[in-house]
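Engineer: coordinates only, no sequence provided:
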Ligand SMILES: C=C(O[C@@H]1C=C(C(=O)O)C=C[C@H]1O)C(=O)O
């Protein structure tokens, strides 16, 4: 994992462009379009799954997030950072960004430690945009990992950019290749 450093934004590219450098085992995880929460629970087997809320606040998205959401610069949004843990070991850290004007009724602050996915994938007309991939570390977390992905979910006027950083610890616990 080449860190983009805490200050700089991860570099994203289309999923297909990353395929040659990605092992088939990781492709199964990174390229999947269904709920990551459900996959982690299944792969975790007997391990206990928990969403650990790291930070949730109103704030300014990073430049790459602003561009992905098509927001004007300095536009405030709801920022949610979590660690998806199996037996208290973080396998994925995620950062989701919701433009405020899309928050009609979907008050993410009440989500707490319930998985965002448990709400998102219940929406009947949920649309998920294309997946993009990065080999950079999460700028909001210390642990490193081989791959990260992001995609835009839309449901009526609600939009959320979901960014998921798979951690080295997950590769170790599941016996996945380093990349
Ligand atoms: C989008 C999903 O929700 C997961 C849970 C998140 C949360 O609770 O903040 C964030 C990213 C996702 O990995 C999913 O399960 O696929």
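Structural biologist: Looks like it came in fine. It should be emphasised that the depicted structure is a prediction, and the values quoted were computed from it without experimental measurement. Residues are numbered from 1 along each chain as shown.
Engineer: tell me who's in contact with residue 55.
Structural biologist: Going by C-beta atoms under 8 Å, 6 or more residues apart in numbering, residue 55 touches 79-81, 140. Just so you know, the C-beta spots here come from the backbone N, C-alpha and C atoms, and that holds for glycine as well.
Engineer: surely it is in a strand?
Structural biologist: Yes - membership of residue 55 in a strand is supported by DSSP: H, G, I helix; E, B strand; the rest coil.
Engineer: picking up where we left off before, biggest separation within the contacts of residue 55, which pair?
Structural biologist: Spanning the widest gap among the contacts of residue 55 are 80 and 140, at 10.7 Å by C-beta to C-beta.
Engineer: just the contacts of residue 55 now: which is nearest the ligand?
Structural biologist: For these, the minimum distance to the ligand (C-beta to the nearest ligand atom) is 5.2 Å, reached by residue 80.
Engineer: for the closest one, the count of nearby residues, please.
Structural biologist: Neighbours of residue 80 under the rule other C-beta atoms under 10 Å: 21.
Engineer: same thing with residue 10?
Structural biologist: 22.
Engineer: ok, the nearest residue to residue 156 once chain neighbours are set aside to the ligand distance?
Structural biologist: Sequence neighbours aside, residue 125 is the residue nearest to residue 156 in space, at 7.1 Å (criterion: C-beta to C-beta, 6 or more residues apart in numbering). In this view, residue 125 and the ligand are 16 Å apart by C-beta to the nearest ligand atom, to the nearest Å.
Engineer: model confidence for residue 125, exactly?
Structural biologist: With respect to pLDDT, residue 125 scores 92.
Engineer: which residues does the closest residue to the ligand within the chain contact?
Structural biologist: Residue nearest to the ligand within the chain: residue 117 (2.1 Å; C-beta to the nearest ligand atom). Residues near residue 117 by C-beta under 8 Å, 6+ apart: 35-38.
Engineer: among these, which are located in helices?
Structural biologist: 36-38 (DSSP state H).
Engineer: worst-scoring helix or strand of this structure, pLDDT-wise?
Structural biologist: Taking mean pLDDT, DSSP states H and E as the measure, the chain has helix 116-120 as its least confident helix or strand, at a mean of 91.
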